[in-house]
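In: Task: produce atomic coordinates for the following.
(one chain, ligands or ions: 1)
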Amino acid sequence: MSAWRNVSLWMDQLEEPLIPRAPLVGAMEADVVIIGAGYTGLWTAYYLKRQAPELRIVIVEAEISGFGASGRNGGWLMGNLLGEDRLLASLPLAARQESHQLLHGIPDEVATVLQREGIDCDYRKAGILYTAARYPEQETSLRGQLRALYEQGLTEADYRWMSVNELNEQLRIATPYGAIHTPHCATIHPAKLVRGLARTVERMGVQLFEKSRVRHWQPGLVRTEQGEVRANWVVPAIEGYSVTLPPLGNHLLPVQSLIVATAPLPAATWAEIGLERGQAFSEASRQVTYGQRTKDDRLVFGARGGYKFGGKLRADASLSDEEVALRRYLFGELFPILKNVPITHSWGGNLGMSRSFHPHMICDRKNQVALSGGYGGEGVGASNLGGRTLAQLILGETSVLTRQPWVQLDSSIRQGLRTWEPEPCRWLGYNAIIKSFVNEDKVLADPSSAPWKRSVASGLAQFMEGFMK
Ligand SMILES: Cc1cc2nc3c(=O)[nH]c(=O)nc-3n(C[C@H](O)[C@H](O)[C@H](O)COP(=O)(O)OP(=O)(O)OC[C@H]3O[C@@H](n4cnc5c(N)ncnc54)[C@H](O)[C@@H]3O)c2cc1C
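Out: Below you'll find the model as predicted:
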């Protein structure tokens, strides 16, 4: 069995053989060389080829397409960006509305490409149910978030409160307090999307080399163990692996997210839970939980992971017993009927967290380097926007895509991106924040916690979360 099947449930489920494409051997020239065959690299190649079929585009991938977060994620294809509230806050209302429209259109744009290119990735657009569950503070928190969304100019058509009864029609959890529903999200099978995109760009004439780890890059040049590509434009698209290619690692921290998948569950179990249309769902703790009912009736459920000292990447994709137990505990709180169901797969991956806690799309025209990333845990949709935007920037075009506040024209990576503090500050800071979240969840989930203890735990977590803004 191919080792890449162990990467995630999604990679394991692919019907195609997971055999790497040929590596890059020798020297070649191209117009654009892209490092990394995840969504960002592939979407960039796709939109470049659509607009300029004559371009010679080369992608070099260290492992195989889908090895990174794009073959591991929770499958929420969202029409938004991490930190968009902060990015858009200073814009006049009309410009903000234009940006919101652009973001909300992401799932539909992806659906159009899937249709056009014949990619089947179990796409179902039924929105997200952000539930208030497990303890009453989640309702207060979600209602506050909804007020903030409306203050930004978003409307009930984008985010609306659902009563417990309304929620129950779609999703039945043990202790519901209501939910926010947004229609701007689809769920997908992540690996089918990334592998389908890889096949599509190859068909369009992009050269994709696998098992070709880049050891050195600079403007105009990318070097692997056995070869090199000289190109006008270089697009590093390695997101959660940025620490491996200086200077990117100074700006993007590899943060983990960890997931489990149950065995396919019987129809009677799902009749009790709901989620008939493939809705994404979460509960509103700061553990950043996310779930979906897959097309083959499994529950896939994830939660935030940690950060390792020095940005060390996690070598082992499978989870420890403790990590599995935490996720089982969290989904078991929502669905007691699932407390003892078999978990067939558990895996994790690295996502890229920028120091400003929001994504960036940068075009350094002087050095001809273009970069999109820093999506945090919200990169499935954002990477489509990133690919579309980078294609326009590289081709020198301007449009609604290129005049967004996350786009930086003519700044180098160093100028455009904030630098993370040196170790041990990064490790101490990040883990102190996460510890405060875990502690808050523990205190609030215990109904016997005294009110003062609850507000101290929440106050501390709220304060710590402020550092992420
Ligand atoms: C467990 C998990 C769950 C997530 N869930 C969601 C979700 O539900 N919704 C959402 O919106 N986002 C989610 N995300 C985030 C999302 O998956 C990512 O933001 C997105 O996939 C990033 O795509 P990418 O192409 O930029 O990076 P990646 O998919 O990581 O691709 C980078 C590629 O670069 C390659 N590479 C690395 N180093 C080198 C090198 N030196 N040379 C050549 N190639 C190299 C890697 O092998 C990899 O294939 C999740 C992430 C994780 C880890």
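In: what does the longest helix belonging to the chain contact?
Out: Ranked by residue count, the top helix of the chain under DSSP state H comes out as helix 425-445. Contacts to helix 425-445, defined as Cβ atoms under 8 Å, 6 or more residues apart in numbering, come from residues 134-135, 137, 253, 255, 285-287, 304, 306-311, 333, 420-421, 449, 453-454, 457-458, 460-461, 463-465, 467-468. For the C-beta atoms, the positions are set from N, CA and C on the backbone; glycine is no exception.
In: quick one: it to chain centroid distance?
Out: Offset of helix 425-445 from its chain centre (Cα atoms, centre = their mean, to the nearest Å): 21 Å.
In: Could you do stretch 376-384 as well?
Out: 4 Å.
In: related to what we said a few turns ago, so which of the contacts of helix 425-445 sit within strands?
Out: Judged by DSSP state E, strands contain the following of these: 253, 255, 304.
In: In ChimeraX, select just the buried ones from the contacts of helix 425-445.
Out: Filtering the contacts of helix 425-445 down to the buried ones (16 or more other Cβ atoms under 10 Å) takes a single ChimeraX command:
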select :134,135,137,253,255,285,286,287,304,306,307,308,311,333,420,449,454,457,458,460,461,464
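In: Counting neighbours, what do you get for the closest residue to the ligand within the chain?
Out: With Cβ to the nearest ligand atom as the measure, Gly379 is the residue of the chain nearest to the ligand, at 1.9 Å. Applying other Cβ atoms under 10 Å, we find 29 residues neighbouring Gly379.
In: buried ones in stretch 276-288?
Out: Under 16+ other Cβ under 10 Å, the buried positions of stretch 276-288 are 278-287.
In: And the furthest pair within these?
Out: The most widely separated members of these, counting by Cβ to Cβ, are Gly278 and Arg286 (25.7 Å).
In: tell me the contacts of Glu323?
Out: 258, 305, 346, 348.
In: Which members of those residues additionally contact the ligand?
Out: Gly348 (Cβ under 6 Å from any ligand atom).
In: now, which of the contacts of Glu323 lie within helices?
Out: Using DSSP H, none of these sit in helices.
In: Could you dump the contacts of Glu323 into TSV and include pLDDT and neighbour count?
Out: Formatted as TSV, these follow (pLDDT from 0 to 100; neighbours: other Cβ atoms under 10 Å):
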residue	pLDDT	neighbour count
Leu258	96	23
Gly305	90	22
Ser346	97	21
Gly348	95	22
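In: Pull the most distant pair out of the contacts of Glu323.
Out: Gly305 and Ser346 (11.5 Å).
In: sorry, back to before: could the buried residues of stretch 276-288 go into JSON lines alongside pLDDT?
Out: As requested, the buried residues of stretch 276-288 are exported to JSON lines (pLDDT from 0 to 100):
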{"residue": "Gly278", "pLDDT": "95"}
{"residue": "Gln279", "pLDDT": "98"}
{"residue": "Ala280", "pLDDT": "98"}
{"residue": "Phe281", "pLDDT": "98"}
{"residue": "Ser282", "pLDDT": "98"}
{"residue": "Glu283", "pLDDT": "97"}
{"residue": "Ala284", "pLDDT": "96"}
{"residue": "Ser285", "pLDDT": "95"}
{"residue": "Arg286", "pLDDT": "93"}
{"residue": "Gln287", "pLDDT": "89"}
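In: quick one on the thing from earlier: ok, and which of the ones in strands among the contacts of helix 425-445 reach the ligand?
Out: Okay, of the ones in strands among the contacts of helix 425-445, nothing touches the ligand (Cβ under 6 Å from any ligand atom).
In: of the buried residues of stretch 276-288, closest to Glu166?
Out: Gln279 (12.7 Å).
In: Does the closest one touch Glu169 like I think?
Out: No. Here Gln279 lies out of contact with Glu169, judged by Cβ atoms under 8 Å, at a distance of 11.2 Å.
In: Contact residues of the stretch 151-300 of the chain facing the ligand?
Out: 213-214, 237-241, 244-245, 257, 259, 290.
In: Could you tell me which of these belong to strands?
Out: 214, 257, 259, 290.
In: any idea which of these is closest to Asp108?
Out: Tyr290 (21.0 Å).
In: Give the buried residues for stretch 122-141.
Out: Those would be 122-135, 137-139, 141, for stretch 122-141 by 16+ other Cβ under 10 Å.
In: sorry, back to before: any chance of the ones in strands among the contacts of helix 425-445 in CSV, plus pLDDT?
Out: Shown next, in CSV, are the ones in strands among the contacts of helix 425-445 (pLDDT from 0 to 100):
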residue, pLDDT
Leu253, 94
Val255, 94
Arg304, 91
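In: Dump those into CSV; add distance to Cys363 as well.
Out: Formatted as CSV, the ones in strands among the contacts of helix 425-445 follow (distance: Cβ to Cβ, whole Å):
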residue, distance to Cys363
Leu253, 23
Val255, 25
Arg304, 31
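In: Help me confirm that Asp31 is found in a strand?
Out: Yes. Under DSSP: H, G, I helix; E, B strand; the rest coil, Asp31 falls within a strand.
In: Now do the contacts for it.
Out: Asp31 touches 55-57, 231-233, counting by Cβ under 8 Å, 6+ apart.
In: what does Gly278 give?
Out: 122, 124, 126, 186-187, 292-293, 295.
In: for the chain, what helix or strand is lowest in average pLDDT?
Out: helix 413-416 (a mean of 90; mean pLDDT, DSSP states H and E).
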